[in-house]
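Enquirer: Need a 3D model of the sequence below.
(one chain, ligands or ions: 1)
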Amino acid sequence: MRWWWWWGASDADGENPAPTGLIPVAAAPGTMLYTDASVLRPLRAGAVWTYRGVQVYSGQARVPVEYSNAVRHVAAAADRVSEEGTNPFNGGPDSVTLALSGGAMHSLAAFETLPGRFETIDEIELRSPVRVNDQYTVMDRVFEDSGLDLDDDGRRDALGIAVYKMVIGQEAVALPHVPTIDAVRVRTYMVARYRLTSNGTYTDTVTATMDAWYAPGVGVVKLELDEPYDSLGFRMKSTETLVNWNGITEGIGALDSKPVFNAQGERLGRVVDAVSFKDHALVASQVRLESLPADGIALTALDGFGNVLSSQTYPSPWAMDLALVAMNGQANLIAPQGPTPALKMFSFDSSGAPTGASPVTLTTTQLANTTTGERVVAATSGSVLWVSWIA
Ligand SMILES: [Ca+2]
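Expert: Modelled structure (predicted):
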């Protein structure tokens, strides 16, 4: 995260090694929250965190701005990823490199200190162990040439910038569409002031803060940036909260919906029933087979993202009235079938391929209203199969 670069000092050549004097003495270390900081910032190529953002302006009659930001991890090396945001803090696309080193999570970003001259800034986002009150410095620099001459003496004034972080503690964070989650709050302070060349005095100190909440196993679940908005002293607060997380093998929140296609390349028809297995679902849906007088059904296996693993179509009159039930790792389809009215059970494996030579007849009782879509309903308890129908 490099939100504070907007502050932009511009002359590394004139850098003074003396610190700014803007960083306070750290408080005594408090409770240890995590021995290993990396659990709070998982690096996972392909994972995507989607945030809802809002920017509110204080002291100004201005309508809040809503935006969204999707952050993706792209593989970079064994111990690092490129973290690419579509719109962090509503500022357009941006990316940083995240690297785990020595128990600390580093955020590296190239910064153009002078036109055409780039410097990589290494910011420690989190370090181990994670303790309340832990304070660490990202930057403590004085730029002798700030590019501005505030006191009009013909010489450009110096700018001191201090960036440091403090672990605030653990908090329960309420999120939209996502259960409340415990997260560690870390506050970043960005403090700056000018030193005037005419008399060596300092201007008022200006402070921006950014709070980040890190949830174990998930990463950043909330960000809040509070920064000066303009020279009149107004402030802008930007808040980003996690809407969903696609962690590839796990996740939280609901992902965007997307159409699912059957074996014929058509959108899945009316879903009649569905069952779940350990890592996928099997969906029975109606399908119109042009060559047949009646509808058939498609049995489509979907992974947790709605990707089709397999899809098979069966011509049958089942579509109007059937039940699908998972039992012993199989999918059992229970449906009336003629010509003699009977309720039969057809077995499939979890991908929807037929198993067993022939269907099992459950009853030959005359069924009522099978042509009007009255539902056959089935459930299991242990090894017992329950079926209900209208006789
Ligand atoms: Ca000056």
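
Enquirer: Where does the residue of the stretch 1-150 of the chain found nearest the ion sit: helix, strand or coil?
Expert: Closest residue of the stretch 1-150 of the chain to the ion, Cβ to the ion: D149 (4.3 Å). Every residue, glycine included, has its C-beta placed from N, CA and C. Three-state assignment for D149 (DSSP: H, G, I helix; E, B strand; the rest coil): coil.

Enquirer: What of S351?
Expert: coil.

Enquirer: That one: neighbour count?
Expert: Residues within reach of S351, counting by other Cβ atoms under 10 Å, total 16.

Enquirer: From R267, how far out is it?
Expert: Note on S351: its distance to R267, by Cβ to Cβ, to the nearest Å, is 20 Å.

Enquirer: Tell me where the stretch 1-150 of the chain has strands.
Expert: Per DSSP state E, counting those that start in this stretch, the stretch 1-150 of the chain carries strands over the ranges 15-16, 32-34, 48-58, 65-77, 80-85, 94-101, 104-114, 117-127, 130-131, 135-143.

Enquirer: Could I get those in CSV, plus columns for distance to the ion and mean pLDDT?
Expert: Shown next, in CSV, are the strands of the stretch 1-150 of the chain (distance: least, Cβ to the ion, whole Å; pLDDT from 0 to 100):
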stretch, distance to the ion, mean pLDDT
strand 15-16, 15, 50
strand 32-34, 46, 98
strand 48-58, 31, 95
strand 65-77, 36, 95
strand 80-85, 37, 96
strand 94-101, 33, 95
strand 104-114, 20, 80
strand 117-127, 24, 86
strand 130-131, 42, 98
strand 135-143, 13, 90
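
Enquirer: Quick one, which of these gets closest to V360.
Expert: strand 48-58 (45.0 Å; Cβ to Cβ).

Enquirer: quick one: contacts of the helix or strand harbouring A298?
Expert: Per DSSP states H and E, A298 falls inside strand 296-302. When contacts are defined by Cβ atoms under 8 Å, 6 or more residues apart in numbering, strand 296-302 is touched by residues 260, 262-264, 268-269, 272, 280-289, 308-316, 318-319, 322, 331, 333, 348, 350-352.

Enquirer: Return the subset of these lying in strands.
Expert: Counted as lying in strands by DSSP state E, out of the contacts of strand 296-302, are 272, 281-287, 308-315, 331, 333, 348.

Enquirer: So among those residues, which ones count as buried?
Expert: Taking 16 or more other Cβ atoms under 10 Å as the criterion, what is buried in the ones in strands among the contacts of strand 296-302 is 272, 281-287, 310-314, 331, 333, 348.

Enquirer: out of those residues, who's nearest A37?
Expert: For these, the residue nearest A37 by Cβ to Cβ is A281; the value is 36.7 Å.

Enquirer: right, and that closest one touches V275 too?
Expert: Yes: using Cβ atoms under 8 Å, A281 makes contact with V275 at a distance of 6.9 Å.

Enquirer: The ion next: which of the contacts of strand 296-302 are close?
Expert: For the ion, no contacts are drawn from those by Cβ under 5 Å from the ion.

Enquirer: In space, what's closest to whichever residue of the chain sits closest to the ion - neighbours in sequence excluded?
Expert: Closest to the ion within the chain is T197: 3.7 Å, counting by Cβ to the ion. Using Cβ to Cβ, 6 or more residues apart in numbering and skipping the chain neighbours, the partner closest in space to T197 is R155 (4.2 Å).

Enquirer: what number of residues lie near the one you found?
Expert: Neighbours of R155 using other Cβ under 10 Å come to 13.

Enquirer: Could you do G102 as well?
Expert: If we define neighbours as other Cβ under 10 Å, then G102 has 8 of them.

Enquirer: Same question for the one 3 residues further on.
Expert: With neighbours defined by other Cβ under 10 Å, the count for M105 comes to 22.

Enquirer: ok, now T355?
Expert: Each residue near T355 was counted by other Cβ under 10 Å, and the total is 12.

Enquirer: partner residues bridging it?
Expert: S347 (DSSP bridges).

Enquirer: Contacts only, for L268.
Expert: L268 touches 259-262, 283, 285, 298, 300, counting by Cβ under 8 Å, 6+ apart.

Enquirer: just A379 next, same as before
Expert: Residues in contact with A379 (Cβ under 8 Å, 6+ apart) are 325, 385-386.
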